[in-house]
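Participant: below: sequence and its predicted model.
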There are 2 protein chains.
Amino acid sequence: MNDALAKRLAAIVGDRHVSTDPDVLAGRCVDYTGRYRGHAAALVRPGSDDEVAAVLRACRDAGVCVTVQGGRTSLVAGTVPEHDDVLLSTERLCAVGEVDVVERRVRVGAGATLAAVQRAATEAGLVFGVDLAARDSATVGGMASTNAGGLRTVRYGNMGEQVLGLEVALPDGSVVRRHSEVRSDNTGYDLAALFVGAEGTLGVITALDLRLHPTPAHRITAIAGFDDLDALLAVGREFRDADGIAALELIDARASALTAEHVGVGPAVDGAWQLLIELAGDVDHTDPLAEALEHADLAGEPAVGVDGATQLRLWQVREAIADVLGVYGPPLKFDVSLPLSTIVEFASAATELVAEHAPEAIPVLFGHVGEGNLHLNLVRCRLDEDRERALYAAMMALIARCHGNVSSEHGVGTRKRDYLTMSRTDADVAAMRVVKTAFDPDGYLNPAVLFD
Amino acid sequence: MNDALAKRLAAIVGDRHVSTDPDVLAGRCVDYTGRYRGHAAALVRPGSDDEVAAVLRACRDAGVCVTVQGGRTSLVAGTVPEHDDVLLSTERLCAVGEVDVVERRVRVGAGATLAAVQRAATEAGLVFGVDLAARDSATVGGMASTNAGGLRTVRYGNMGEQVLGLEVALPDGSVVRRHSEVRSDNTGYDLAALFVGAEGTLGVITALDLRLHPTPAHRITAIAGFDDLDALLAVGREFRDADGIAALELIDARASALTAEHVGVGPAVDGAWQLLIELAGDVDHTDPLAEALEHADLAGEPAVGVDGATQLRLWQVREAIADVLGVYGPPLKFDVSLPLSTIVEFASAATELVAEHAPEAIPVLFGHVGEGNLHLNLVRCRLDEDRERALYAAMMALIARCHGNVSSEHGVGTRKRDYLTMSRTDADVAAMRVVKTAFDPDGYLNPAVLFD
């Protein structure tokens, strides 16, 4: 990085918030799974939206690319810089405002962690609608940028549905502030919806107004086991649009075998396929759930949690999966969306594909079956680069054959940009590029992600 | 219109689907309320998405503007052409596909009416999530273009939340087809969300994949009367995020007086302010509703509908409003969004404003209190153009003072484009223009709406 830019950045954010220390940069250039590395010229930590905008303008003037970093929990290497980029960290934009309990909303900085937002909501007697395993590190800015989903999407929707307003610094150095106080905000283009899910390629989200929800008075949790994936999906189909649905999570037997072996958690029930169902709300859904499970084709008795302690134990069976995927080194991860009708075909064909390409790997399938958003993780997958690329491409092709989307809640990042056209037509990608070029004609913002 | 363009259009859509008949055009150039008139050079009715794209390209090549028309029920004169435009009608794109009862979705042409979609859903045992008074004329393409809300928004969200996929013809003559079969469709920019609510300024929506919902097994409807608007809002606040909420509609006493006088419907209860509440779902919400109303500060006994016939009667009190607003000629209409906290202030100040500017007018306030989306109609408002403009501007300023949005479910159209900056900052409008210019650099598509 040239001295002039270094000086300009230091003048904007203050000396101690610019670093070119190789050790600091190396730590920021590796991805969450530890599989992918990049290189950067500097780290900049702006302290306000205006500082973010000024950093963007300075880098653009200098012809230097910017990669935005939140909690760096991307699972598609979305924050790994491929050039000698300036890393723009949102970590200092972490204020969590006062919760408005009447309007049920809170304004937070993009760098606030999910856990911090959840804590603020809980203290106000409310619930934040998105929950996911990386909650202690993932930032709401990054989550909005990928339109993250997670464990509660079936009830509250993705991150985008929680966004009532936002502040975004644009590549040209301007700041759009859309802090509408109304629920129904329909005046002009829905720019918020454009920046949500844009993976930081159109602007840098600096703050968000987030919607909060009432805390349900009643909650009932169960894990049911099935020998047959089709029977599980029949129950999923019945419940995914049901009143009070609060979670609908698939867990395969290989996932619970891993958690049982490595952390002594689960399985809660017998069966090759398990479904965690939770219903919650102002009314008690225990009876309808029990009745539905009675009529389902289960592998045995379901485990039902009426009290908080049992519910927690059941959730641990699901949550422990995140902790054991890396026990044999970084897993190879696939985050896909499928119509319910092709999940059986996908599960079976994917297993065959793995057996063929990586016989030593353990394929683990779990995720948010309500939206058809599944995570396939290949644990103990130790392929060289070429063989991994071949397997990756074959899996993407399989997803497309199953009418699925190659990327879902994790985003496209750098990992899937070559496969974008498997889920989007050429005209669609062309229209996306029209938008990208309009906001970032020089292509200097998050240049490695989304497009090839 | 020059002959070359006329010939080219006829070659695209067929002779009988191009008209330059002055009588035909005159009928298409007046708005729904009858207040506003424009002029057009021709009417074109393409029969496919490719024909729409070809028409757009032909008009762009000829330097002729295009105004898109669906059911022409816009209440902000959004389909009234201001130049000698080509009118592009979506009326022939009215196919309603087969309902997929498993995935709960249906593909429909943009020109299908809301009623047609509702009928298809009902026949499949499902529900379409948006309902509004103009259902027999309003088309789903137009409704998506304005992100229409209506009577069920509090439960199912606006039109945008129903859109699972869409097809849109762009100003450059290309067609983007995004017919994802997955629920969680997060790959790349959410272009669908950009075209939804864009009021036809970025492209012409030609087809939609719409989400459908299960039919609730139980339903309970009530109208409660209040002397005090604050007391009504307290109930609204309690219910707007409640389990099973299906409708939350404000009706003022002046609205029910009009319906009682002119169509013999209502009022159902005493009180200056009335609230229609409906709860629906897999479980019966009669008890929680009764309990909540017992604790509310009502003007008298609520009217409760447990059976279908009574529920229909209660709904007629609300639905009849649409039929009587025009009894003294076209009303002056305001469609606004407000935070719940300023609705009392707005209602009182708006009444004063009307008394001052148009003492002969009857101000009627009703609408979707769950989202703070209210309709203020000035019945018997017979101001000359200058005085009407003064009142309109004063009302917009009042809305802004109340932290509201000057436009809500009806859109900005041509009526409110001068007031866009009251709800959007300059940087926001500039960013919107960046998007507009990127898709339509010549500004020939729906040139009269949204921007001034």
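Facilitator: That came through fine.

Participant: which secondary element of chain A has the worst mean pLDDT?
Facilitator: Ranking every helix and strand in chain A by mean pLDDT, DSSP states H and E puts helix A:420-423 at the bottom, with a mean of 88.

Participant: so, in contact with chain B or not, that one?
Facilitator: Yes. Remark: helix A:420-423 sits within contact range of chain B at A:420, A:423, by Cβ under 8 Å from any Cβ of the partner chain. Glycine gets a C-beta too; all of them are placed from N, C-alpha and C.

Participant: do any residues in the helix or strand that that helix is followed by lie close to chain B?
Facilitator: Later in the chain than helix A:420-423, the nearest helix or strand by DSSP states H and E is helix A:426-439. Yes. For helix A:426-439, a contact with chain B is found by Cβ under 8 Å from any Cβ, at A:427-432, A:434-435, A:437-439.

Participant: ok, these vs residue B:306, which is closest?
Facilitator: residue A:428 (48.7 Å; Cβ to Cβ).

Participant: show the pLDDT at the closest one.
Facilitator: Note on residue A:428: pLDDT of 95.

Participant: residue contacts, it?
Facilitator: Listed by Cβ atoms under 8 Å, 6 or more residues apart in numbering or on different chains, the contact set of residue A:428 reads B:176-178, B:188, B:191.

Participant: please apply the same query to residue A:145.
Facilitator: A:68, A:70, A:195-200, A:205, A:411.

Participant: tell me which of those fall in helices.
Facilitator: residue A:195 (DSSP state H).

Participant: look at the one residue sitting closest to the centre of chain A and give its secondary structure.
Facilitator: Against the mean C-alpha coordinate of chain A, by Cα atoms, centre = their mean, the closest residue is residue A:148 at 3.6 Å. Following DSSP: H, G, I helix; E, B strand; the rest coil, the label given to residue A:148 is coil.

Participant: give me the domain ranges for chain A.
Facilitator: A:3-89, A:105-214, A:218-324, A:332-426 (automatic domain parsing).

Participant: for chain B, what are the nearby residues on the stretch 151-300 of chain A?
Facilitator: A:153, A:158, A:160, A:170, A:174-178, A:180-191, A:193-194, A:196-198, A:202, A:213-214, A:216, A:237, A:241-244, A:281-283, A:285, A:288.

Participant: one more pass at 6 Å, please.
Facilitator: A:174, A:176-178, A:181-184, A:186-191, A:193-194, A:197-198, A:214, A:241, A:243, A:281-283 (Cβ under 6 Å from any Cβ of the partner chain).

Participant: ChimeraX command to pick out the buried ones of those?
Facilitator: Of these, the buried ones go into a single ChimeraX selection, burial set by 16 or more other Cβ atoms under 10 Å in any protein chain shown:
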select /A:174,176,178,181,182,183,184,186,187,188,189,190,191,193,194,197,198,214,243,281,282,283
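
Participant: just the ones of the residues of the stretch 151-300 of chain A next to chain B in helices?
Facilitator: A:191, A:193-194.

Participant: quick revisit: rebuild the contacts of residue A:428 as TSV, extending it with pLDDT and distance to chain A.
Facilitator: Listed next are those as TSV, based on pLDDT from 0 to 100; distance: Cβ to the nearest Cβ, whole Å:
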residue	pLDDT	distance to chain A
B:176	97	5
B:177	96	6
B:178	93	6
B:188	93	5
B:191	95	6
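
Participant: so what's residue A:452 closest to, chain neighbours aside?
Facilitator: Distances taken as Cβ to Cβ, 6 or more residues apart in numbering or on different chains place residue A:417 nearest to residue A:452, at 4.7 Å, with adjacent residues excluded.

Participant: tally up the residues packed near the closest residue to the residue nearest to the centre of chain A other than its chain neighbours, please.
Facilitator: Leaving aside its sequence neighbours, residue A:148 sits nearest to residue A:159 (Cβ to Cβ, 6+ apart; 4.7 Å). Neighbourhood size, residue A:159 [other Cβ atoms under 10 Å in any protein chain shown]: 28.

Participant: so how far is residue B:7 from residue A:159?
Facilitator: 51 Å (Cβ to Cβ, to the nearest Å).

Participant: and the contacts of stretch A:186-205?
Facilitator: Residues from elsewhere that reach stretch A:186-205 (Cβ atoms under 6 Å, 6 or more residues apart in numbering or on different chains): A:52, A:68, A:110, A:141, A:144-145, A:147, A:160, A:163, A:166, A:168-170, A:178, A:411, A:436, A:439, A:446, A:449-450, B:147, B:186, B:189-190, B:193-194, B:197-198, B:405, B:407-408, B:423-424, B:431-432, B:435.

Participant: wait, does stretch A:345-363 make contact with chain B?
Facilitator: No. For stretch A:345-363, no contact with chain B is found by Cβ under 6 Å from any Cβ; the gap never falls below 11.5 Å.

Participant: output that stretch in CSV with nothing but the alpha carbons.
Facilitator: Only the C-alpha atoms of stretch A:345-363 are listed here, as CSV (Å, rounded to 0.1, in the frame of the first residue of the first chain):
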residue,chain,number,x,y,z
GLU,A,345,-33.1,-37.8,-4.3
PHE,A,346,-30.5,-35.3,-3.3
ALA,A,347,-29.6,-37.1,-0.1
SER,A,348,-29.2,-40.4,-1.8
ALA,A,349,-27.3,-39.2,-4.9
ALA,A,350,-25.0,-37.0,-2.7
THR,A,351,-24.1,-40.0,-0.6
GLU,A,352,-23.2,-41.9,-3.7
LEU,A,353,-21.2,-39.0,-5.0
VAL,A,354,-19.2,-38.7,-1.8
ALA,A,355,-18.6,-42.5,-1.8
GLU,A,356,-17.2,-42.2,-5.3
HIS,A,357,-15.1,-39.1,-4.9
ALA,A,358,-14.0,-39.2,-1.2
PRO,A,359,-14.7,-42.7,0.2
GLU,A,360,-12.9,-41.8,3.4
ALA,A,361,-15.2,-38.9,4.2
ILE,A,362,-18.2,-39.0,6.5
PRO,A,363,-21.1,-37.2,4.8
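
Participant: rewinding a little: just the residues of the stretch 151-300 of chain A next to chain B: which are in strands?
Facilitator: A:176-178, A:214, A:281 (DSSP state E).

Participant: pretty sure the residue nearest to the centre of chain A contacts residue A:157?
Facilitator: No. With contact defined as Cβ atoms under 6 Å, residue A:148 does not reach residue A:157; the gap is 11.0 Å.

Participant: hey, where'd the helices end up in the stretch 151-300 of chain A?
Facilitator: With DSSP state H, counting those that start in this stretch, the ranges of helices along the stretch 151-300 of chain A come out as A:153-156, A:191-195, A:229-239, A:253-263, A:286-295.

Participant: swap in the stretch 1-150 of chain A?
Facilitator: A:3-13, A:22-28, A:49-62, A:114-123, A:140-145.

Participant: average pLDDT across the last one?
Facilitator: So the one you mean is helix A:140-145. Here the average pLDDT along helix A:140-145 is 97.

Participant: next one: the second one
Facilitator: Across helix A:22-28, pLDDT averages out at 94.

Participant: swap in the fourth one?
Facilitator: Over the span of helix A:114-123, the pLDDT mean works out to 98.

Participant: packing partners for that helix?
Facilitator: strand A:126-128 (3 or more Cβ pairs under 6 Å, 6 or more residues apart in numbering or on different chains; DSSP states H and E).

Participant: neighbours around residue A:291, how many?
Facilitator: Using other Cβ under 10 Å as the criterion, the residues surrounding residue A:291 number 10.

Participant: okay if I get the ones in strands among the residues of the stretch 151-300 of chain A next to chain B as JSON lines plus distance to residue A:401?
Facilitator: Rendered in JSON lines, the data for these read as follows (distance: Cβ to Cβ, whole Å):
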{"residue": "A:176", "distance to residue A:401": "40"}
{"residue": "A:177", "distance to residue A:401": "44"}
{"residue": "A:178", "distance to residue A:401": "40"}
{"residue": "A:214", "distance to residue A:401": "42"}
{"residue": "A:281", "distance to residue A:401": "38"}
